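Asker: I'd like to go over a predicted model; first the sequence, then the structure.
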Amino acid sequence: MGVDLESLSEATSGAIGSLLSTTILYPLDTCKTKYQAEARAHGQQKYRNLSDVLWEAISTRQVLSLYQGLGTKNLQSFISQFIYFYGYSYFKRLYLEKSGSKKIGTNANLIIAAAAGVCTSFITQPLDTASSRMQTSAFGKSKGLWETLTEGSYSDLFDGLGISLLLTSNPAIQYTVFDQLKLKLLKTNQNNSEKTAVTLSAFTAFFLGALSKSIATILTYPAIRCKVVIQAADSDDDEADKAQRKSRKTLSAVIRAIWKKEGILGFFKGLHAQILKTVLSSAFLFDDQGENNHNHLGSYTRD
């Protein structure tokens, strides 16, 4: 079928926008990730709030370490967005050609978006894992990409893959909420107008997009927190403790540890930081996500 140039153009545009957003917000993302990754031990915790992570970097003169792993994160973000946008656009056009339809329905749209998300997760998971390890390493002690990728077994590179696949539902939840909110708002505006065409303003579309993304984030956040803990860099434990890493970082073990040490609220630790980062990222990536162009589900952000 050849290269789909229109899909390629959309993929490149989405990937470049994601690259800019990731770079600008990276210090916040590092603070958020380190805060999320910390599990309370013996009733104590190093970071009581997000600002403690920033203060640690300042007090230890490691401010530049807030950017540790930026190259890997940018590479992962660029590839993720490119694959997702290309895959979504390609699958959508293929569906329209095979079905003979002129318009894609909501259910088909969600299925296509999920398929693109699954493909993205499988391909970019090693970079996602490496990025989390580099961000959660002690300030000034982050390893390079190649050393991070090769420090464990091949299977270690896919830590959290199951959760990543689960989190492909995040954009679908966002779209569903956005669509319902949009329909209710347009219906209300239509009833208050004189039968004129009613559309969403750019600000309203952005607000609904940010609200729907926040709701999707809240609903999927326990999975996001567990994934960060699973992917987090190991502390400088002795070799005997490191040998138990896999048993300590399975999903069931992480769920039990968070429940035992932090209670149910522990599954939502760092939620405010996650929403702040998500909304700011949406603001940077927002361009034409009005009611006629929101079908691409915005940027591809599982977490």
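Answerer: Cool, the structure landed.

Asker: Dump the helix or strand containing Pro27 to PDB, restricted to CA.
Answerer: If you go by DSSP states H and E, Pro27 is part of helix 26-37. C-alpha atoms of helix 26-37 as PDB (Å, rounded to 0.1, in the frame of the first residue of the first chain):
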ATOM      1  CA  TYR A  26      10.900  17.700  32.400                       C
ATOM      2  CA  PRO A  27      12.000  19.100  35.800                       C
ATOM      3  CA  LEU A  28       8.400  18.800  37.000                       C
ATOM      4  CA  ASP A  29       8.200  15.300  35.500                       C
ATOM      5  CA  THR A  30      11.300  14.200  37.300                       C
ATOM      6  CA  CYS A  31      10.100  15.600  40.700                       C
ATOM      7  CA  LYS A  32       6.700  13.900  40.100                       C
ATOM      8  CA  THR A  33       8.300  10.500  39.200                       C
ATOM      9  CA  LYS A  34      10.700  10.500  42.100                       C
ATOM     10  CA  TYR A  35       7.900  11.400  44.500                       C
ATOM     11  CA  GLN A  36       5.600   8.700  43.000                       C
ATOM     12  CA  ALA A  37       8.300   6.000  43.200                       C
END
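
Asker: What helices and strands are in contact with it?
Answerer: Contacts defined by 3 or more C-beta pairs under 8 Å, 6 or more residues apart in numbering; DSSP states H and E place helix 26-37 against helix 50-59, helix 70-99, helix 106-136, helix 202-231, helix 271-285. Yep, even glycine has a C-beta here, placed from its N, CA and C like the rest.

Asker: Check the offset of it from the chain's centre.
Answerer: Distance of helix 26-37 from its chain centroid, counting by C-alpha atoms, centre = their mean, to the nearest Å, is 13 Å.

Asker: what's the average pLDDT for stretch 261-280?
Answerer: Throughout stretch 261-280, pLDDT has a mean value of 91.
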